[in-house]
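*Asks:* Pasted the sequence and its predicted model underneath.
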Amino acid sequence: MKNQRLIIEGGNALSGEIKVQGAKNSSLPIIAASLMCKGETVLKNCPCLTDTYASCRILTHLGCECRFDGNTLTVKADGLDKNEIPDELMREMRSSIIYMGALLGRCGRCSLSFPGGCELGPRPIDMHLNAMKKMGAKVNDEYGTIECVSEHGLKGRKITLKYPSVGTTENIILAAAKAKGETTIINAAREPEIVDLAAFINKCGGKIKGAGNSTVVIEGVSELYGCTHYIMPDRIAAATYISAVAATNGEINIHGIDASLCDSFMCVFEQMGCNIYVYDGCIYVNAKKPLKSVGKIITLPHPGFPTDAQAIIMSALCKAKGVSIFEETIFESRYRHVDSLVKMGADIKVIGKAAIINGVKKLYGAKVAATDLRGGAAMVVAGLGAEGITEIKDIEHIDRGYENIEKVITSLGGKITRT
Ligand code: UD1
């Protein structure tokens with residue numbers, strides 16, 4: 001909700017045990033995929049977020065039935081009777097462009113408004129549109145509306161991506177799941193959330209091989225049937241709570257998460273001097289020693305260091321002794337949280353794609369704003385590790401991706417309230 005704020009009283013070491021929420025970035029494409037299925041789809045461990053609620057509003061608008069019961073989302077898509085998504089629904093959620101592949105797969109046509117840019121900079125969709133054209137869709141993207149038609153169904157093709165875009169890979173998988181023949185994606189994104197999407201579609205009767213690798217092969221099937229699927233855990237939420245523990249020199253036991261999902265960033269916490277133990281679907285992190293700087297971190301497509309963890313881990317590094325450097329290679333404007341961290345006492349300089357963090361002894365509470373989802377989470381991490389009170393406004397960005405963030409932090413002994 002607009003105008004809400006998070007008030008944090010910093011300086012308390014977080015300590016305790018949590019189960020991490022279901023992954024936002026896996027639930028969104030899976031909810032889109034559910035509109036292609038006959039019968040009922042039951043998604044367990046589905047996070048209650050403004051983005052998953054926005055997905056449900058899109059499905060309901062299209063004629064599907066959606067029901068959230070705790071973290072179980074049930075979708076019945078048999079009643080789908082529309083293929084256009086109005087501008088106001090498209091704008092509620094940036095990743096709504098994945099409905100292009102799902103609607104083309106189900107209806108052979110769709111009309112969506114252009115998603116436009118966002119807080120992270122321009123968000124081109126050229127690769128999405130080129131892929132749909134290559135599969136035989138006629139695409140008209142004039143006047144801010146994207147009209148796609150494939151009267152006789154999409155055709156499987158070999159599609160080489162110029163960059164391993166997550167959303168484009170997902171859109172092609174969705175479109176190809178019910179296309180005629182075989183689609184091969186070369187230079188596909190390899191994020192674990194893509195593996196979860198493919199696992200879901202395969203459970204529904206799809207035929208996808210190679211998800212998680214650079215080459216993904218999708219053999220189109222004539223029907224998909226709803227199934228029950230457990231959404232994978234959210235690795236970026238895990239990174240956020242570990243960062244909060246690091247920033248407060250605390251300890252945490254995270255359960256319900258396969259540690260290999262976190263390989264791309266756990267090495268950074270190790271370098272910071274955290275002790276990490278992995279056992280039976282749990283990750284234990286002890287950050288009681290003073291933090292050390294980590295040298296240079298470059299954000300890269302998976303399995304490289306995730307851009308989504310950059311702002312969050314930067315907050316923890318503000319108090320790490322020595323110099324740490326980030327190089328952001330994925331998005332143009334992903335340092336918008338830096339000004340607020342500097343306001344809290346951090347020593348950070350941004351030069352082009354690089355952010356140079358010179359560790360300071362203390363951060364101090366301040367009035368700051370969430371500039372975007374992960375930038376907002378970075379403010380929470382910094383506030384918990386700072387002396388005094390931090391007040392964060394514009395927290396609707398945070399609610400897009402974190403389920404009950406203040407409840408989780410309170411359960412770890414942090415002092416945080418929503419006003
Ligand atoms: C997804 C994630 C987001 C994450 C990002 C990168 C979801 C819902 N969101 O976003 O949290 O930060 O991956 O890991 O899963 N690009 C183009 N043309 C295109 C498409 C993308 O130039 O047609 C560029 C983008 O501008 C960006 C880069 O490719 O610079 C990566 O984007 P992409 O991997 O597509 O990210 P998203 O799927 O939007």
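*Replies:* Good, I have the coordinates.
*Asks:* Now do the same for the nearest residue to Glu193 once chain neighbours are set aside: helix, strand or coil?
*Replies:* Closest residue in space to Glu193, ignoring its immediate chain neighbours: Ser26 at 4.0 Å, by Cβ to Cβ, 6 or more residues apart in numbering. From N, CA and C alone the C-beta is placed, and that goes for glycine too. Secondary structure, DSSP: H, G, I helix; E, B strand; the rest coil: Ser26 is helix.
*Asks:* Hmm, His229 and Ser26 touching each other?
*Replies:* No. In this structure, Ser26 is not within contact of His229 by Cβ atoms under 8 Å, at 9.7 Å.
*Asks:* out of the two, which sits in the busier spot?
*Replies:* More crowded of Ser26 and His229, by other Cβ atoms under 10 Å: Ser26, with 29 against 24.
*Asks:* Show me which positions of stretch 112-128 end up buried.
*Replies:* 112-115, 119-120, 123, 125, 127-128 (16 or more other Cβ atoms under 10 Å).
*Asks:* If we ignore the residues flanking it in sequence, what's nearest Cys204?
*Replies:* Per Cβ to Cβ, 6+ apart, closest to Cys204 is Leu224, 4.2 Å.
*Asks:* Can you report how many residues lie near that neighbour?
*Replies:* By other Cβ under 10 Å, neighbour count at Leu224 equals 26.
*Asks:* ditto for Gly352
*Replies:* 7.
*Asks:* same check, this time on the one 10 residues further on
*Replies:* One way to gauge burial is a neighbour count; for Lys362, by other Cβ under 10 Å, it gives 15.
*Asks:* so who does Leu59 touch?
*Replies:* Contacts for Leu59 (Cβ atoms under 8 Å, 6 or more residues apart in numbering) come out as 31, 34-35, 66, 75, 77.
*Asks:* Just the ones of these in helices?
*Replies:* With DSSP state H as the criterion, helices contain 31, 34 from among those.
*Asks:* between the contacts of Leu59, which is nearest Ile395?
*Replies:* Closest to Ile395 out of these is Ile31 (23.3 Å), distances taken as Cβ to Cβ.
*Asks:* Verify the contact between Thr145 and Cys110 for me.
*Replies:* No. Counting by Cβ under 8 Å, Thr145 stays clear of Cys110, with 10.6 Å between them.
*Asks:* So for those two, which residue has more residues nearby?
*Replies:* Set Thr145 next to Cys110 and count neighbours by other Cβ under 10 Å: Cys110 wins out with 25 against 14.
*Asks:* Pretty sure that one sits in a strand.
*Replies:* Yes. Assessed with three-state DSSP, Cys110 lies in a strand.
*Asks:* circling back to that earlier point, dump the residue contacts of the residue nearest to Cys204.
*Replies:* If you count contacts by Cβ under 8 Å, 6+ apart, then Leu224 has 33, 36-38, 177-178, 201, 204-206 around it.
*Asks:* can I get the residues you listed in JSON lines with pLDDT, neighbour count and distance to the ligand?
*Replies:* Output for the contacts of Leu224, formatted as JSON lines (pLDDT from 0 to 100; neighbours: other Cβ atoms under 10 Å; distance: Cβ to the nearest ligand atom, whole Å):
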{"residue": "Ala33", "pLDDT": "98", "neighbour count": "29", "distance to the ligand": "13"}
{"residue": "Met36", "pLDDT": "97", "neighbour count": "26", "distance to the ligand": "18"}
{"residue": "Cys37", "pLDDT": "97", "neighbour count": "26", "distance to the ligand": "20"}
{"residue": "Lys38", "pLDDT": "97", "neighbour count": "14", "distance to the ligand": "26"}
{"residue": "Ala177", "pLDDT": "98", "neighbour count": "30", "distance to the ligand": "18"}
{"residue": "Lys178", "pLDDT": "96", "neighbour count": "24", "distance to the ligand": "21"}
{"residue": "Ile201", "pLDDT": "98", "neighbour count": "29", "distance to the ligand": "16"}
{"residue": "Cys204", "pLDDT": "98", "neighbour count": "22", "distance to the ligand": "20"}
{"residue": "Gly205", "pLDDT": "98", "neighbour count": "17", "distance to the ligand": "24"}
{"residue": "Gly206", "pLDDT": "98", "neighbour count": "26", "distance to the ligand": "19"}
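*Asks:* In helices only, show me those.
*Replies:* 33, 177, 201.
*Asks:* residues contacting the residue lying closest to the second one once chain neighbours are set aside?
*Replies:* Of all residues not flanking Ala177 in the chain, Gly206 sits nearest, at 4.7 Å (Cβ to Cβ, 6+ apart). With contact taken as Cβ under 8 Å, 6+ apart, Gly206 is in contact with 177, 198, 218, 221, 224.
*Asks:* Can you name the residues of the stretch 301-419 of the chain sitting close to the ligand?
*Replies:* 307-308, 330-331 (Cβ under 6 Å from any ligand atom).
*Asks:* Identify the bridge partners of the residue nearest to Cys204.
*Replies:* Beta-bridge pairing for Leu224 (DSSP bridges): Cys37.
*Asks:* Looking at it now. What's its pLDDT?
*Replies:* With respect to pLDDT, Leu224 scores 98.
*Asks:* Now do the strands in the stretch 301-419 of the chain.
*Replies:* Secondary structure of the stretch 301-419 of the chain (DSSP state E, counting those that start in this stretch): strands located at 323-327, 347-351, 354-358, 367-369, 389-393, 415-418.
*Asks:* where does the residue nearest to Gly304 when sequence neighbours are not counted land in three-state SS?
*Replies:* The spatial neighbour of Gly304 that comes closest, neighbours along the chain excluded (Cβ to Cβ, 6+ apart), is Ser264 at 6.4 Å. What three-state DSSP gives for Ser264 is helix.
*Asks:* From Thr410, how far off is Ser264?
*Replies:* 29 Å (Cβ to Cβ, to the nearest Å).
*Asks:* repeat for Ser15
*Replies:* 12 Å.
*Asks:* and if you look at Glu391?
*Replies:* 17 Å.
*Asks:* So for these two, which sits in the more crowded spot?
*Replies:* Set Glu391 next to Thr410 and count neighbours by other Cβ under 10 Å: Glu391 wins out with 16 against 13.
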